[in-house]
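>>> After the sequence you'll find the predicted model.
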Amino acid sequence: MIDVLEDDGSDPVAQEITGIINALSEDEQVDLVALMRLGRGDASIEEWKDLRREAAEGRNGRTARYLLGEPMIGDFLAEASTSSGLTWTGERHHRRYSASVRSRR
């Protein structure tokens with residue numbers, strides 16, 4: 001029973017999410033961190049440029065680990081998408097998200 005509670009780094013879901021995040025470009029990773037921080041309430045959508053700048057300045061090559069270390073990441077991303085008017089539409093999500101965020105820069 002204790003094995004279930006131990007984190008040995010072999011969680012296939014975490015590995016898949018890490019792979020997806022690591023496959024994003026540097027700009028996309030910065031956008032994702034800024035989006036998480038927007039949903040967390042660190043700033044408003046009007047302060048997007050500041051959120052993005054701070055995310056870029058804090059970039060250290062461990063974006064996936066940082067984001068997966070945030071227990072409420074899903075809630076924060078959902079809140080950010082709702083509050084900023086972004087929509088999540090399956091396969092086209094990535095293109096739609098990137099275009100929406102880039103238009104706000």
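Sure, I can see it.
>>> neighbours around the closest residue to I73 other than its chain neighbours, how many?
In this structure, I73 finds its nearest non-sequential neighbour in L67, 5.6 Å apart by C-beta to C-beta, 6 or more residues apart in numbering. Every C-beta, even on glycine, is put in place using the N, C-alpha and C of the backbone. Other residues lying near L67 total 19 when counted by other C-beta atoms under 10 Å.
>>> for L68, same thing?
By other C-beta under 10 Å, 16 other residues sit near L68.
>>> That one against Q15, yeah?
No: in this structure, L68 is not within contact of Q15 by C-beta atoms under 8 Å, at 10.2 Å.
>>> what's near enough to touch the residue nearest to I73?
By C-beta atoms under 8 Å, 6 or more residues apart in numbering, the contact list for L67 reads I21, L32, V33, M36, I73.
>>> Using PDB, write down the CA coordinates of the helix or strand hosting it.
L67 is part of helix 63-68, with elements assigned from DSSP states H and E. Extracted C-alpha coordinates of helix 63-68, given in PDB (Å, rounded to 0.1, in the frame of the first residue of the first chain):
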ATOM      1  CA  THR A  63       9.400  24.200 -16.900                       C
ATOM      2  CA  ALA A  64       7.700  20.800 -16.700                       C
ATOM      3  CA  ARG A  65       8.900  20.200 -13.200                       C
ATOM      4  CA  TYR A  66       7.800  23.600 -12.100                       C
ATOM      5  CA  LEU A  67       4.300  23.300 -13.600                       C
ATOM      6  CA  LEU A  68       3.800  19.700 -12.400                       C
END
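>>> next structured bit after it?
In N-to-C order, the element after helix 63-68 by DSSP H and E is helix 73-84.
>>> Just the buried residues of that following helix, please?
Within helix 73-84, the residues that qualify as buried are I73, F76, L77, E79, A80, S81, S84, counting by 16 or more other C-beta atoms under 10 Å.
>>> repeat for stretch 22-41
Neighbour-count burial for stretch 22-41, counted by 16+ other C-beta under 10 Å, picks out 24, 28-40.
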